[in-house]
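> Build me a structure from this.
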Amino acid sequence: MGVLRDHPELALFLCLAAGYLLGKLRVGPLTLGGICGTLIVALLLGAWTKVTVSDDVKTIFFALFIFALGYMAGPQFFAHLNRGSLRFFTLCLIEVVCVVGIALGLAGAFDLDVGTASGILAGAATESAVVGTATEAIGKLSGLTQQQITQYQGHVATAYTVCYLFGLITIVIYTSQVMPMMLRINLRDASRELWEKMRGSGGGLEADEREALPGLVGRTFLVTHADGTTVADLEHRLGGRVTVEAVKRGSKVLTPPPPGFTLTLSDLVLTVGRRSHIIEAGRIIGPETPAVPGLDTPLATTQVSLTDKAAVGTSIDTLTREHPEFASGGVYVTDVLRGDQNLPATPETVLHRGDVLTLVGSRSGLGKLAAKIGATVRNDATDFVYLGLGIACGSLLGQVVVRFGDVPLSLGTGGGCLVSGLLFGWFRSRTQTFGAFPPQAATTLKDMGLAVFIACTGLVSGPQAWPLLKQYGALLPFAGIAMVLVPATVSLIVGRKLLKIEKPLLIGAIAGQQCSTPAITSVTQVAQSSVPMLGYTITYTLSNFLLPLTGPLLVGVLGA
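This is a model prediction of the structure:
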C-alpha cells in the first residue's frame, strides 16, 4: 500500500489495466465496459490504499476527453439541427426532461445530497461525461467546506457506479428484447424489410453475406472488332459507362492509355465498369481473355469529405445520378462515415456536410470526382495547433458565469470544452483541409481522457463509497432502473404514436438518446442489420451534447 500511496501514477495505471480487464467479462449479452470496470477497481483500491491524486490531473484529462467527444460529434450535431431531425431531437428532450425531473424528485423525496443526486443522474443515463461536469460544478459551489466538497464528489462516483450497472442492464434488455415484443415485430425481419425498402429493388444482405456478383468488375479483352478505334472513341461507343484502364501491346503496357491511342488487332485491353456494361464491351472489343500478368490494375480507394452544397441533404442515389462521373469512371460509394459511426451506404442514405465517403473505382474516375463533391480527407497527423487552441478556448468559455436570479450557472471546463469541441469539429468538417485530428487519435484521446479521469475520481472517492452504499443501498438500483424505463417508454410511445418513426429506427434512436453503445450493439446483433444504427447516430450525437450539461444544471438547482 505504501508504494501505491507514494507513487499514485502506479495506482492510476493499475486501475486502467485491471478495470478494462474487468470490463471485458461477459454475462450473456452484457459487458460492463472499460469505464465502469475502471471505476469499480478504482473505488475498491481507493478505499483500501487511500491514494491521493492531484485535482489538476482530473481536470486536464477530462478536458481532453470532453473536447475530443465534442470534436467528433460536432459536424453531425449541427447537421441534425434541421426540420428533418426534429422528431429525433424530441426524443433527446424527453430523455433530458425525464432524467433531470426524476433526479430532482428523488433528491426531494429522500433528502439526497447534491453529489448522490448527480451520480444517480449520470449512472442511470449511462452518460459518463455527467460525472465530470457534475463533479466540477460541485467544486465551485459556495458555502461548502473542502471536506464537504470531497465527500459530495465521492458520492457522485459511487452513485454513478451502482446506477450505471443497473441502468446498463436495463437499457440493453429493454431495447433489444422487450421493445420488439411491445412493438409486435421481429426485429430481424423488420430491419431487413426496411433495408430492402431503402435499397429499392436491390434487396438486403445478412451480416455474413456478400454479393456473389459484385456490380463493379474489371475484364480483359483481345482486340478483334475495335481495330483502328481510339481509346476515347471506344469509351464513347460504350456510352461513357466503361473506362479503359490499361492496354498491353506486345511487352509494352500503357497505364492508363492516352485518349488518342489507337487500338490494333491483338492488343489486350483492361476495362472497368458495371457488369452489364462490361458485357457490352466484349461485343464491341472482342473476346474476353483470362487475367494477363502485368495488365491488372488495382482499383483505387479514397476518402472524400462531402462539401458540395448541392449534394448536402441528397441521397447517395441522387448523388450518383447527378454526377455522371460515377458511371463513366466506374466509381462506387462503399462506406459512409459520420463522426465515428459507419452507416450503410444504401441508395436512400441521406448525406450531410462533413460525411466522409469511401469511393472505390478506377483511379482516373476517382480523380475527376473527388474535387467536384468535396475534399480529399488528410488525417495522417494531428494538428496540435488547432487542438491546443480549441481546448484553450473551451477552458476560457467555461469560466463564464451566468446568473438566473440567485442561481449562478457556468459551463465549467468540461462544458466549455464540449461546446468548443463541437464548434471546432464542425468548422473543420467544412473543408477537412486543416485542423486534422485522425479518428483513431480522437477516439484514443477520448477514451484515455475519460478512463484516467474516472480512475482519479474513483481513487479519491473510495473512502466515501461504503457509507453511501449502506445509507442508500436499495434506492440506487431502483433509481438506475426507473431512470431508464421512464424516458425510454415515453419515447417509445411518442415515437410511434406522434412522430411515426419506423420501428427499427425508433429502437436504435432510444438506445442513442441513452448514449448506450452496449445497447445499440445488442440491438444490431438481434437485428442482424445496421439499420437501427441510422436512428442511433442522430440521438446519440444530440444527447452527447445535452446530457453533460444536465450535470451543472442539477448541481446549480440543488446547490442554490
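> Flag the shaky bits of the stretch 101-250 of the chain, pLDDT-wise.
The model of the stretch 101-250 of the chain has pLDDT under 70 over residues 126, 198-216, 240-241.
> what ranges do the helices span in it?
Ranges of helices in the stretch 101-250 of the chain, per DSSP state H, counting those that start in this stretch, are 114-124, 129-139, 146-173, 179-182, 187-198, 231-237.
> All the helices of the stretch 251-400 of the chain, in order from the start?
Listed in chain order, the helices of the stretch 251-400 of the chain (DSSP H, counting those that start in this stretch) span residues 275-285, 316-322, 325-328, 363-373, 384-397.
> Out of those, which one sits most buried?
Among the helices of the stretch 251-400 of the chain, judged by mean count of other Cβ atoms under 10 Å, the one packed with the most neighbours on average is helix 325-328 (a mean of 20). (Glycine included, C-beta is placed from N, CA and C.)
> What mean pLDDT does it get?
Along helix 325-328, the predicted confidence averages to a pLDDT of 68.
> before we move on, the earlier item: dump the helices of the stretch 251-400 of the chain into a markdown table; add distance to Leu141 as well.
As requested, the helices of the stretch 251-400 of the chain are arranged in a markdown table below (distance: least, Cβ to Cβ, whole Å):
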| stretch | distance to Leu141 |
| --- | --- |
| helix 275-285 | 67 |
| helix 316-322 | 51 |
| helix 325-328 | 58 |
| helix 363-373 | 51 |
| helix 384-397 | 20 |
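> Of those helices, which is nearest Glu196?
Closest approach to Glu196 among the helices of the stretch 251-400 of the chain (Cβ to Cβ): helix 316-322, 14.5 Å.
> how about the nearest residue to Phe326, chain neighbours excluded?
Setting aside the residues directly before and after it, Phe326 is nearest to Thr320 in space (Cβ to Cβ, 6 or more residues apart in numbering), at 4.3 Å.
> so how far is Met72 from the residue nearest to Ala159 when sequence neighbours are not counted?
Using Cβ to Cβ, 6+ apart and skipping the chain neighbours, the partner closest in space to Ala159 is Gly119 (2.7 Å). In this view, Gly119 and Met72 are 26 Å apart by Cβ to Cβ, to the nearest Å.
> Next: Ile66.
Separation of Ile66 from Met72 (Cβ to Cβ) stands at 11 Å.
> burial of Asp380, as a residue count?
By other Cβ atoms under 10 Å, the residues close to Asp380 number 7.
> swap that for Ala109, please
One way to gauge burial is a neighbour count; for Ala109, by other Cβ under 10 Å, it gives 9.
> between the helix ranked longest in the chain and helix 129-139, how many degrees?
Criterion DSSP state H: the longest helix present in the chain is helix 439-472. In terms of direction (axes from the mean of the first three to the mean of the last three Cα atoms, to 10 degrees), helix 439-472 departs from helix 129-139 by 60 degrees.
> Give the buried residues for helix 439-472.
When neighbours are counted by 16 or more other Cβ atoms under 10 Å, the buried residues of helix 439-472 are found to be 442, 445-446, 449-465, 468, 472.
> Show me what that helix is packed up against.
Identification of packing neighbours for helix 439-472 by 3 or more Cβ pairs under 8 Å, 6 or more residues apart in numbering; DSSP states H and E yields helix 8-23, helix 34-49, helix 55-79, helix 129-139, helix 146-173.
> and the second one, which residues are buried?
Residues of helix 34-49 classed as buried under the neighbour-count rule (16+ other Cβ under 10 Å) are 34-47, 49.
> need the contact list for the residue nearest to Tyr472 when sequence neighbours are not counted.
Among residues not flanking Tyr472 along the chain, Thr116 sits closest, at 6.5 Å (Cβ to Cβ, 6+ apart). The neighbours of Thr116, taking Cβ atoms under 8 Å, 6 or more residues apart in numbering as the test, are 107, 152, 155-156, 159, 468, 472.
> And the residues you listed, which is closest to Leu183?
Set against Leu183, the nearest of those by Cβ to Cβ is Ala159 (32.5 Å).
> State the distance from the residue nearest to Phe326 to Asn342.
Using Cβ to Cβ, one obtains 19 Å as the distance from Thr320 to Asn342.
> how far away is Leu542 from Ser522?
The gap separating Leu542 from Ser522 is 21 Å, by Cβ to Cβ.
> neighbour count winner among the two?
Here Leu542 and Ser522 are compared on neighbour count by other Cβ under 10 Å; more neighbours surround Leu542, at 27 against 21.
> how many other residues sit next to the spatially closest residue to that one that is not a sequence neighbour?
Distance criterion Cβ to Cβ, 6+ apart; nearest residue to Leu542, sequence neighbours excluded, is Cys92 at 4.4 Å. Number of residues near Cys92 (other Cβ under 10 Å) recorded here: 27.
> Distance from the helix or strand where Cys92 lies to the middle of the chain?
When elements are defined using DSSP states H and E, Cys92 is found to belong to helix 86-110. For helix 86-110, the gap between its own C-alpha mean and the chain's C-alpha mean amounts to 23 Å (Cα atoms, centre = their mean, to the nearest Å).
> got the buried residues for that helix?
Under the neighbour-count rule (16+ other Cβ under 10 Å), helix 86-110 has 87-92, 94-96, 98-100, 102-104, 106-107 buried.
> what's the following helix or strand after the worst-scoring helix or strand of the chain on mean pLDDT?
Using mean pLDDT, DSSP states H and E, the weakest-scoring helix or strand in the chain turns out to be strand 407-410, at a mean of 60. Towards the C-terminus, the helix or strand next in line after strand 407-410, according to DSSP H and E, is helix 412-429.
> so what secondary structure elements neighbour that next one?
The helices and strands touching helix 412-429, judged by 3+ Cβ pairs under 8 Å, 6+ apart, are helix 55-79, helix 129-139, helix 384-397, helix 532-559.
> try it again with 10 Å
Secondary-structure packing of helix 412-429 (3 or more Cβ pairs under 10 Å, 6 or more residues apart in numbering; DSSP states H and E): helix 55-79, helix 129-139, strand 300-306, helix 384-397, helix 439-472, helix 532-559.
> want to try TSV for the ones you listed, with distance to Leu16 as columns?
Conversion of the helices and strands packed on helix 412-429 to TSV gives the following (distance: least, Cβ to Cβ, whole Å):
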stretch	distance to Leu16
helix 55-79	11
helix 129-139	16
strand 300-306	32
helix 384-397	22
helix 439-472	6
helix 532-559	22
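> among those, which is nearest Leu268?
Leu268 lies closest, by Cβ to Cβ, to one member of the helices and strands packed on helix 412-429: strand 300-306, at 21.0 Å.
> got the angle for that closest one vs helix 412-429?
The directions of strand 300-306 and helix 412-429 differ by 120 degrees, with the same axes, to 10 degrees as the criterion.
> my read: the residue nearest to Phe326 touches Thr346, true?
No: under the criterion of Cβ atoms under 10 Å, Thr320 lies out of contact with Thr346, with a separation of 12.0 Å.
> Need the overlap of contacts for the two.
Among the neighbours of Thr320, those also in contact with Thr346 (Cβ atoms under 10 Å, 6 or more residues apart in numbering) are Val333.
> how about the nearest residue to Ser420 once chain neighbours are set aside, what does it touch?
By the measure of Cβ to Cβ, 6+ apart, the closest residue to Ser420 outside its immediate chain neighbours is Gly394, 3.1 Å from it. Gly394 is in contact with 63, 66-67, 70, 411, 413-424, counting by Cβ under 10 Å, 6+ apart.
> can you check Ala18 too?
Ala18 makes contacts with 37-38, 40-42, 44-45, 455, as judged by Cβ under 10 Å, 6+ apart.
> The same query, at a cut-off of 6 Å, please.
The neighbours of Ala18, taking Cβ atoms under 6 Å, 6 or more residues apart in numbering as the test, are Val41.
> Check it and give its pLDDT.
On the pLDDT scale, Ala18 is placed at 91.
> Check the gap between the residue nearest to Ala159 and Ala125 for me.
When Cβ to Cβ is the yardstick, Gly119 and Ala125 sit 11 Å from each other.
> give me the number of residues near Leu10?
Leu10 has 13 neighbours, counted by other Cβ under 10 Å.
> Now it: closest residue in space, sequence neighbours ignored.
If the residues on either side of it in the chain are set aside, Leu10 comes closest to Leu4, at 5.9 Å by Cβ to Cβ, 6+ apart.
> Sweet, I'm off.
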